[in-house]
Every structure is written in C-alpha cells, then in structure tokens.
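A.B. asks: Sequence first, predicted model second:
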Amino acid sequence: MYEWDEAKREANLRKHGLDFDDADSVFENPNKITFAVSGRAEPRWRDIALVESCGTVFALVYTVRGYNIRIISFRRASRRERRVYDHLRPNKQN
C-alpha cells in the first residue's frame, strides 16, 4: 500500500508535474534499480526506472513504514541518474 503527505503530493505536482498516485509505474517496474539514500535518520530508497509507456526515466524516493511505502518524491531522473541507469539497467541491449 502506498501513502504520502497530501501537501507534499500537491507540491510535487506543482514542481515536477507528476502525481504520487502514478509512482507505482516505477516502484513496480521489474527493471528498476534501487539505491539507498544516505544522510537521513529514517532509511530511504531511490528507485530509477524507464517507464516504457512514456519513454522517460523517473526517480522515486520513498521509505518503508510498517507494510506501507511512503512516497517522498517522484520526478524525472536527473542526467546523472539516467547515465547510471543506462549503465546498470537490467536487460540492457548492447
């Protein structure tokens, strides 16, 4: 189950034009790459994945609280994140 702070969701919509409600396209993606996000008291994770339906690489930052996935941020991947994803992605075509 996904959860989020509604004010954070609205801010994310304004800033990135992406709705947390669509973040499952990254979280559930079988070809995602997951990294630990350091520097936080609460463990956080960053998933990076190509969403084929729109041909865009996205980054999703979240934490796990009990049985829930709490979404922190959902945005288009940075240039650096895209390079890392292209280098490490599963099922890469050479």
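C.D. replies: Now that the structure is in, tell me what you want to look at. Numbering: from 1, shown residues only.

A.B. asks: Below-threshold pLDDT in the protein: ranges please.
C.D. replies: 90-94 (pLDDT under 70).

A.B. asks: where does Cys54 land in three-state SS?
C.D. replies: Following DSSP: H, G, I helix; E, B strand; the rest coil, Cys54 is assigned to coil.

A.B. asks: any idea which helix or strand carries Val84?
C.D. replies: Assessed by DSSP states H and E, Val84 sits inside helix 79-88.

A.B. asks: What helices and strands are in contact with that helix?
C.D. replies: The contact analysis (3 or more C-beta pairs under 8 Å, 6 or more residues apart in numbering; DSSP states H and E) places helix 79-88 against strand 33-37, strand 44-51, strand 56-65. Where you see a C-beta, it was placed from the backbone N, CA and C, and this is true even at glycine.

A.B. asks: Run through the residues that contact the residue nearest to the spatial centre of the chain.
C.D. replies: Centroid-nearest residue in the chain, with C-alpha atoms, centre = their mean: Leu60, separated by 1.3 Å. Leu60 is in contact with Ala23, Val26, Phe27, Arg46, Asp47, Ile48, Ala49, Ile71, Ser73, Phe74, counting by C-beta atoms under 8 Å, 6 or more residues apart in numbering.

A.B. asks: In TSV: those, plus distance to Asn12 and neighbour count.
C.D. replies: Output for the contacts of Leu60, formatted as TSV (distance: C-beta to C-beta, whole Å; neighbours: other C-beta atoms under 10 Å):
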residue	distance to Asn12	neighbour count
Ala23	9	24
Val26	13	22
Phe27	15	17
Arg46	15	19
Asp47	15	19
Ile48	17	24
Ala49	17	24
Ile71	8	23
Ser73	6	20
Phe74	6	26
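
A.B. asks: Just the residues contacting stretch 32-48, thanks.
C.D. replies: With C-beta under 8 Å, 6+ apart as the test, stretch 32-48 has contacts from 26-27, 29, 49, 57-64, 72, 77, 81-82, 84-85, 88-90.

A.B. asks: Wasn't Arg40 part of a strand?
C.D. replies: No - assessed with three-state DSSP, Arg40 is coil; it does not lie in a strand.
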